[in-house]
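# The sequence and its predicted three-dimensional model are supplied below.
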Amino acid sequence: MSDLLAARSQMAVSLAFHIVFAVAGIAMPVLMAIAEGLWLRRHHPVDLELARRWSRGVAILFAVGAVSGTVLSFELGLLWPRFMAFAGPIIGMPFSLEGFAFFLEAIFLGIYLYGWERVPRVVHWLCGIGVAVTGAASGLFVLTANSWMNHPAGFRLVEGRVVDVNPWAAMFHSGWSVECVHMLLAAYLCVGFAVAAIHARELLRDGTNLFHRRALTIALLVGGIAAALQPVSGDASAKLAARTQPAKLAAMEGQFESEPAAPLRIGGIPDERAERTRGAIEIPGALSWLAYGDPRATIRGLKAWPREDRPPTAVVHVAFQIMVGSGVLLLALSILALVRRRTLFESRRLLTAIALGGWLGFVALEAGWTVTEVGRQPWIVYGILRTADSVTPMPGLMAPFLLFTFLYLFLAGIVGALLRRHVFASPRLPAS
Amino acid sequence: MTYATLVAVALVASLVIYALGGGADFGGGVWDLLAAGPRAGRQRETIAHAIGPIWEANHVWLILAIVLLFTCFPAAFAAIGTALHIPITVLLVGIVLRGSAFTFRSYGLEPGHVQERWGRVFAWASLVSPIMLGVTLGAISSGTLGMDPASGQVRTDFISSWCASFPFAVGFLALALFAYLAAVYLTLETEDDDLRDDFRKRALIAWEISAVLAIVALALARHGAPLIFDGLMRRPALLVCTGLIGLAALSALARRRYAAARWLAAAQVALTVSGWALAQYPAIVPPDLTITSASAPEPVVRAVLEVLVVGALLLFPALFYLFRIFKSGGRREEGSPGYPTE
Ligand code: HDD
Ligand code: HEM
Ligand code: HEM
């Protein structure tokens, strides 16, 4: 493995790990605040128990999110010093703002977790809402940095030097909101469904337990609303990519020829050597229509770029199919649960479907990031700086890559075991 | 003062606050590792109780420092990340293990050996991270990270600048100072006189070790970090002040004036860190990168300063509230409005 590949793999592992905890930091507080809000209104002990259990989960997940995020901020310099020397001033602004969001989040969370007995109830609940809001804000700030890598703005290059930097223009360039909305929805979606999956599994064993029933309802509500909105937002993302990163769009769709009335391909495997996509179901004109709102519009295919400027097409196309497929399945699951809401808790089949299918949200999340990041290759800053030109000269990068991979695998196992035992296990509730 | 200098001041300030807060949290881990005697279990409990609600907030100061560094002094960030890859990687592993082990233990909830094992990880990681933090800072000030004018990159073999006696002296000094701070703070975290005396004894020992290590580091600086050495020698008042405050802290501890000792010890550590920064001013990564030469374009630096001011207006009241809730010393009052205990 070359040092460049090791560096990219280490970055990918670190991000793929961090994002799981980051979305939990964004969305779990929403679930927790809903449960506590219900308790404040109705004083049913099951709601309070839920809020407390979920808050324990947040504590564990947040700590791992915080430390893995710290690793990332250093890794930007450890692995990509030339990228940071170039981009640091331009995208530093959202990271600085994020710093303050982290502060507030950590403070609200400290009060929330350790202040049950120390602050008035309503203040406590408001702190929970504060965690949810600042968590979403941290996510949004980093995302503006990531979407800047996809469509850089807010500076000019004059003879290789960066001039006229405007950090606000770099942050709020056209299109930042599209990626941010999509990501926020993804966070609520995948956490909502994962929590639903866990509690559905407990219900299969312990079907009358009120705790799990209430948990499942709240989680499905949050996940389901996000699932309904996600395709709309994803469509906006695809239209944006068509406009600003045509090579990525072509890779997502496995489109090698430049042609009018391009078809939408469902499934299939792009063959990069032969420059064609095999085995896909093709819907004529649908891609042109989805990308530009006109079924006859011309789509630029990958052949329009020299080979060294094309992203790894097969990875991007397959990841894109996985993301969209998972989104569609989850939407179907939400609709089914809505229609059958009266018999939901009795239907073993539906509960099994949720227990298994709920994990698709995280699958879609990781797949979506693969689309964005691999689809941007060979650029680290689209059209401006190549990934190969930004890697550190440090040799032997295989060693830290393996080190962090094992560290993260190890932590993931422990987090899973802890959550199972202390957050999701059936509680003994006082009779109600 | 230029905008870049102001940001550099903010950067050092967040490092100082990190040392005072996050540093002491690491120090707590050291005492967890060294807990001994009939009250070992209760020592550990006190430590966990003291760190629990605040370590996440304390930790963010380090992130803020890094973000300010890469936004406003990108060339310095790139040089440090390249040349000091190895100690920073070890530092990161320490930070990851420390934070997660601490939380796992708090939420492990099982009595017995599982929790104990996490305690070990937490404690060992608390030992390694401060040393590596000190090694990193020491290596930066050693003046060995020169820039290659042709490529604009740092000139380095990735090892020799940090694998030397001066950086490690700074590393052990950082560890000793953090442990000292933690022990001093911990005297105020318990109502129990015996427990308090345990921590007082530890604080006194850590004070002595830090004093010795400070002298060793200074002596090594003469050849290991000449720039720092000259900078300090040019400012004898700084050394004298730090020494005097250290002695005042020692005497407050000896006389069991714990509240005073806390402020004096914090001032002593704050002066040590800012003295280091002042000694290498205006260099950021000596010998070549200075505040001016490494600085980002001015509009960026100015915008970041504006954000810092507005952010501070939000942040400090919130931090104050957090510390008032958990660090005002009092137990929960009867009939307080919160939720009943579980
Ligand atoms: C739960 C997760 C999830 C689900 C169900 C979907 N997505 Fe997604 N998608 C993401 C999670 C995600 C993501 C991981 O959050 C990405 C990566 C970067 C980003 O901002 O969002 C993403 C990126 C992303 C991009 C790349 C944007 C770019 O790089 O410029 C496109 C075009 C879409 N999505 C389109 C869709 C469509 C048409 C969906 C139809 C249902 C869909 N996504 C469902
Ligand atoms: C603000 C957020 C992010 C930033 C600043 C960022 C930055 C980077 C950088 C610098 C690289 C290395 C260069 C490259 O290969 O493109 C990279 C690669 C990668 N990142 Fe991201 N990333 C972000 C979010 C994410 C997330 C959340 C994930 C996954 C869950 C992710 C997945 C990947 C993958 C898979 C690669 C490897 C791409 C390849 O090797 O082809 N990224 N990212
Ligand atoms: C290169 C990319 C990234 C860097 C450098 C980074 C950095 C960090 C850091 C330093 C923290 C710890 C904050 C604390 O101590 O509380 C953190 C947490 C967090 N990050 Fe990331 N992050 C990156 C990618 C992302 C992405 C892509 C998202 C999501 C969209 C995200 C969302 C969050 C959230 C919500 C938290 C707080 C909640 C938690 O810790 O679980 N981050 N990140």
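That came through, no problem. Ligands and ions are numbered 1, 2, ... in the order given.

# Output the below-cut-off pLDDT ranges for the stretch 101-250 of chain B.
B:107-116, B:118-119 (pLDDT under 70).

# repeat that with 50
Applying pLDDT under 50 to the stretch 101-250 of chain B flags the ranges B:109.

# Can you name the residue of the stretch 1-150 of chain B nearest ligand 3?
Per Cβ to the nearest ligand atom, B:Ile63 is where the stretch 1-150 of chain B lies closest to ligand 3, at 4.5 Å. The C-beta positions use only the backbone N, C-alpha and C, and glycine is treated the same way.

# Now do that residue, the pLDDT please.
Predicted confidence (pLDDT) for B:Ile63: 87.

# Look up the closest residue to residue 297, ignoring the ones flanking it.
By default, I'm working from chain A. A:Ser288 (4.2 Å; Cβ to Cβ, 6 or more residues apart in numbering or on different chains).

# um, chain B though
With sequence-adjacent residues excluded and distances taken as Cβ to Cβ, 6+ apart, B:Pro297 is closest to A:Val165, at 4.8 Å.

# Could you do B:Phe77 as well?
B:Phe77's closest residue in space is B:Phe70 (Cβ to Cβ, 6+ apart), at 4.0 Å.

# Following element in sequence after the host helix or strand of the one you found, please.
B:Phe70 belongs to helix B:55-72 when assigned by DSSP states H and E. Going down the chain from helix B:55-72, the next helix or strand is helix B:74-83, by DSSP H and E.

# any idea which helix or strand comes after that next one?
On the C-terminal side of helix B:74-83, the closest following helix or strand by DSSP H and E is helix B:85-108.

# Just give me the neighbour total for the residue of the stretch 1-150 of chain B closest to ligand 3.
Applying other Cβ atoms under 10 Å in any protein chain shown, we find 21 residues neighbouring B:Ile63.

# Would you check that it makes contact with A:Leu72?
No - B:Ile63 lies out of contact with A:Leu72 (Cβ atoms under 8 Å); the separation is 10.0 Å.

# thinking again about what came up before, tell me the pLDDT of the residue nearest to B:Phe77.
On the pLDDT scale, B:Phe70 is placed at 85.

# residues in contact with it?
By Cβ atoms under 8 Å, 6 or more residues apart in numbering or on different chains, the contact set of B:Phe70 is A:73, A:76-77, A:84, A:88, A:92, A:95, B:77.

# The residue nearest to B:Pro297 looks like it's in a helix, true?
No - assessed with DSSP: H, G, I helix; E, B strand; the rest coil, A:Val165 is coil; it does not lie in a helix.

# neighbours of the nearest residue to B:Ala164 once chain neighbours are set aside, just the number please.
Nearest in space to B:Ala164, with sequence neighbours left out and distances taken as Cβ to Cβ, 6+ apart, is B:Gly224 at 6.2 Å. Neighbour count for B:Gly224, taken as other Cβ under 10 Å: 23.

# For the chain, which segments are assigned as helices?
Just so you know, I chose chain A. Under the criterion DSSP state H, helices of chain A are mapped to A:3-42, A:45-79, A:81-114, A:121-150, A:167-171, A:176-205, A:210-244, A:246-253, A:286-292, A:313-339, A:348-357, A:360-376, A:398-419.

# Chain B is the one I meant
Shown for chain B, the helices assigned by DSSP H span residues B:3-18, B:24-33, B:40-51, B:55-72, B:74-83, B:85-108, B:113-141, B:165-186, B:193-224, B:226-234, B:236-254, B:258-280, B:298-327.

# can you pull the buried residues of stretch A:31-39?
Neighbour-count burial for stretch A:31-39, counted by 16 or more other Cβ atoms under 10 Å in any protein chain shown, picks out A:31-36, A:38-39.

# Need the per-residue pLDDT for the closest residue to chain B within the stretch 201-350 of chain A.
Closest contact between the stretch 201-350 of chain A and chain B, by Cβ to the nearest Cβ, is at A:Phe211 (15.1 Å). pLDDT, A:Phe211: 81.

# try A:Val324
On the pLDDT scale, A:Val324 gets 90.

# returning to what we had before: quick one: which of the helices of chain B is nearest ligand 2?
Closest to ligand 2 of those, according to Cβ to the nearest ligand atom: helix B:55-72, at 11.7 Å.

# Flag every buried residue along the closest one.
B:55-72.

# Quickly check: it near ligand 2 or not.
No - Helix B:55-72 is not in contact with ligand 2 by Cβ under 6 Å from any ligand atom; minimum separation 11.7 Å.

# For stretch A:297-312, list the C-alpha coordinates in CSV.
Output of stretch A:297-312 as CSV, limited to C-alpha atoms (Å, rounded to 0.1, in the frame of the first residue of the first chain):
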residue,chain,number,x,y,z
ALA,A,297,-30.9,17.7,-21.8
THR,A,298,-27.3,16.6,-22.5
ILE,A,299,-25.4,14.9,-19.8
ARG,A,300,-21.6,15.0,-20.0
GLY,A,301,-20.2,11.5,-19.7
LEU,A,302,-16.9,10.5,-18.2
LYS,A,303,-15.2,10.2,-21.5
ALA,A,304,-15.2,14.0,-21.6
TRP,A,305,-12.4,13.9,-19.0
PRO,A,306,-9.0,12.4,-19.4
ARG,A,307,-8.6,9.1,-17.4
GLU,A,308,-6.5,10.6,-14.7
ASP,A,309,-9.2,13.1,-13.9
ARG,A,310,-12.0,10.6,-13.4
PRO,A,311,-13.1,9.4,-10.0
PRO,A,312,-13.1,5.6,-9.3
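
# hmm, back to that, possible to save the helices of chain B as CSV with distance to ligand 1?
Converted to CSV, the helices of chain B look like this (distance: least, Cβ to the nearest ligand atom, whole Å):
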stretch, distance to ligand 1
helix B:3-18, 30
helix B:24-33, 33
helix B:40-51, 34
helix B:55-72, 21
helix B:74-83, 25
helix B:85-108, 23
helix B:113-141, 31
helix B:165-186, 39
helix B:193-224, 47
helix B:226-234, 45
helix B:236-254, 49
helix B:258-280, 39
helix B:298-327, 24
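
# Which residue is the nearest non-sequential neighbour of the residue of the stretch 151-300 of chain A found nearest ligand 3?
Relative to ligand 3, the nearest point of the stretch 151-300 of chain A is A:Met183 (5.0 Å; Cβ to the nearest ligand atom). Leaving aside its chain neighbours, A:Met183 sits nearest to A:Leu143 (5.3 Å; criterion: Cβ to Cβ, 6+ apart).
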